[in-house]
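Peer 1: Would you be able to build a 3D model of this:
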Amino acid sequence: MTLLNKLREIVGDSHVLIDADTAKYDHDWSGKYKATPIAVIRPASTQEVSDIVKACAATKTAIVPVSGNTSLAGGTYAKDAVMISMERMNDIREVRPDARIAIVGAGVVLSSIHDAADAHDLVFPLTFGAKGSAMIGGALSTNAGGSNVVRYGSTRGLCLGLEVVLPDGQIMDLMSELHKDNSGYHLKDLMIGAEGTLGLITAAVVKLVPKPRAYATAMVAVPALPDALTLLNDLQAATGGLVEAFEYMDALYISDHLTMFPNARAPFEERHDINIMVEVGATAPNLTDLQSDGTVPLVTLLEDTLAQMMEDGRVKDAVVAQNDAQRSEMWERREAAGEVMLLRQPMINNDICVPVDKVARFFELIDAMLADLDNGALHTSVSHLGDGNIHLLVSPTKDDPSHIDMITEAVEDVVLSLGGSFSAEHGIGLTKIPSMTRRKNKVALAVMRSVKAAIDPDNIMNPGKVLPQTN
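Peer 2: Okay, the predicted model is just below:
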């Protein structure tokens, strides 16, 4: 029996897609990586995933998992591979409000988890622009970050337990609901961020948090980037650590956003170089109960804090959202970044992280580096400034691979000189394999290869991703 016939026996004819029927899956969101897989298989249960993996393992056929396929790093490139789509494993098995957890299949779209939590006045705080199509399995596989990391942490910090199908088809049950478990190696955290190279995540136990009863959201302009860190720290002190999002958009991004969305409004009447979107969320009645004059104390607190900073010269301009429509407008401006970045081609997309107190120095060094290597190059940035995660988009003057590589390496030099990382939340995939080769600690790479060889000795799980090949 051929492999495809075996796979049809497992999931049914209609869930084994080949040739033209794989077009929806053969490229990621960036469009940079495109390849027709051997087939796309759509299982409906963990047992079916296990059976599929066993069939592929018997023939040493490569396996590439795919969720919402919103990758920007080529993590789902599937040439000469069977692609396993998690889209049918989209069941929200349980929401337990008292324990503040949800048990979900890997194919559940993030916005569906948001809706399920909302029905219980809870929040699943992982959020980013692709939340309407990205699935929790993919978010776990890349350890996605998003806009609320400053308060809630990245995906790894929001996950209590996992179910994983290993490369030999065994099902590893790590579906713990515990907040503390010191029983040996933390295999859950090993699987999160592994991008499917060690196994296929099929289900997860995720944390929920109380839904804020009120939000205060604002666009704030500050004189210089160091003032942004002061702003964040002062807001955390004033609110008792309630800042949920602290997002930076530079002037060029604002301009590009208005070009792409001509009906959108500018954040301020005047142009500013440093534009910050800040959001604070609270549950306590003393901050959230509507007052007799129609005000909400949390919003008043943000307004008063920003007004004092303006008097002190630490803030140049501020607009506080007065209703849900204005809040949505601020979020839409930030979450359009994926589309806006496509305006500038050629484009070098950097997803890096530096210590929060070195962000300003990072941009100083980038300006000096580009002036030396490509004086006509433009750069724009949208950043999760509260945790030091910078999305730096460089538009070079030459669309030449060697020139692009030179600038990429120079950005890495700057990042590492500040004690940062060349990869923050988008994963390694294929795009950052050269960076892993150049920059990752050699001992760490050797340990990673040992782990990969022990768990996946035939290298069938998402081969060629994350780890550079040895010579």
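Peer 1: residues in contact with the nearest residue to residue 134 once chain neighbours are set aside?
Peer 2: Among residues not flanking residue 134 along the chain, residue 68 sits closest, at 4.1 Å (Cβ to Cβ, 6 or more residues apart in numbering). Bear in mind the C-beta positions are built from the backbone N, C-alpha and C, glycine included. By Cβ atoms under 8 Å, 6 or more residues apart in numbering, residue 68 lies in contact with 109, 130, 133, 134, 135, 138.
Peer 1: give me that answer again for 6 Å
Peer 2: 133, 134, 135, 138 (Cβ atoms under 6 Å, 6 or more residues apart in numbering).
Peer 1: Spatially, which two of these are the most separated?
Peer 2: In those, two members sit farther apart than any others by Cβ to Cβ. They are 133 and 138, at 9.8 Å.
Peer 1: just to revisit the earlier point, show me the contacts of residue 68 that map onto helices.
Peer 2: Residues from the contacts of residue 68 lying in helices, with DSSP state H as the criterion: residue 138.
Peer 1: ok, so of the contacts of residue 68, who is nearest residue 337?
Peer 2: residue 134 (14.2 Å).
Peer 1: Residue 13 and residue 64: what is the separation?
Peer 2: 21 Å (Cβ to Cβ, to the nearest Å).
Peer 1: correction: residue 30
Peer 2: 16 Å.
Peer 1: And residue 289, by the same measure?
Peer 2: Counting by Cβ to Cβ - residue 289 and residue 64 are separated by 51 Å.
Peer 1: same thing with residue 319?
Peer 2: 45 Å.
Peer 1: now swap in residue 148 and tell me
Peer 2: For residue 148, the distance to residue 64 - Cβ to Cβ - is 29 Å.
Peer 1: Of residue 319 and residue 64, which one has the most company?
Peer 2: residue 64 (29 against 17; other Cβ atoms under 10 Å).
Peer 1: Can you tell me, leaving aside adjacent residues, what's nearest to that one?
Peer 2: Residue 64 sits nearest to residue 78 (Cβ to Cβ, 6+ apart), 4.0 Å away.
Peer 1: again, but for residue 214
Peer 2: residue 288 (3.8 Å).
Peer 1: ok, now which ones touch the one you found?
Peer 2: Here residue 288 is in contact with 213, 214, 282 (Cβ under 6 Å, 6+ apart).
Peer 1: what about 10 Å?
Peer 2: Each residue near residue 288 by Cβ atoms under 10 Å, 6 or more residues apart in numbering is listed here: 212, 213, 214, 215, 216, 281, 282, 296, 297, 298, 299.
Peer 1: Just the pLDDT for residue 28.
Peer 2: On pLDDT, residue 28 comes in at 82.
Peer 1: where does the residue lying closest to it once chain neighbours are set aside land in three-state SS?
Peer 2: Once flanking residues are discounted, residue 28 sits nearest to residue 71: 4.2 Å by Cβ to Cβ, 6+ apart. Under DSSP: H, G, I helix; E, B strand; the rest coil, residue 71 falls in the coil class.
Peer 1: quick check, residue 415 in a helix?
Peer 2: Yes. Judged by three-state DSSP, residue 415 forms part of a helix.
Peer 1: Ramachandran coordinates for the residue nearest to residue 134?
Peer 2: In terms of degrees, to the nearest 10, the main-chain angles of residue 68 are phi -80, psi -10.
Peer 1: Show me what counts as buried in the helix or strand of the chain with the lowest mean pLDDT.
Peer 2: Every helix and strand in the chain was compared by mean pLDDT, DSSP states H and E; the lowest is helix 337-340, with a mean of 89. For helix 337-340, a neighbour-count test (16 or more other Cβ atoms under 10 Å) marks 337, 338, 340 as buried.
Peer 1: Using a markdown table, lay out those residues together with distance to residue 39.
Peer 2: Putting the buried residues of helix 337-340 into a markdown table (distance: Cβ to Cβ, whole Å) gives the following:
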| residue | distance to residue 39 |
| --- | --- |
| 337 | 34 |
| 338 | 29 |
| 340 | 35 |
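Peer 1: Against residue 282, how distant is the spatially most central residue of the chain?
Peer 2: Nearest residue to the geometric centre of the chain (Cα atoms, centre = their mean): residue 144, 3.3 Å. With distances taken as Cβ to Cβ, residue 144 is found 25 Å from residue 282.
Peer 1: if I look at the residue nearest to residue 134, how far off is residue 362?
Peer 2: 30 Å.
Peer 1: What of residue 62?
Peer 2: 38 Å.
Peer 1: Neighbour count for those two, which is higher?
Peer 2: The residue with more neighbours, out of residue 62 and residue 362, is residue 362; 25 against 20, by other Cβ under 10 Å.
Peer 1: Run a quick check on that one versus residue 390, I expect a contact.
Peer 2: Yes. With contact defined as Cβ atoms under 10 Å, residue 362 counts as touching residue 390 (6.7 Å).
Peer 1: shared neighbours of the two, anything?
Peer 2: Joint contacts of residue 362 and residue 390 (Cβ under 10 Å, 6+ apart) are 352, 353, 354, 381, 383, 415, 420.
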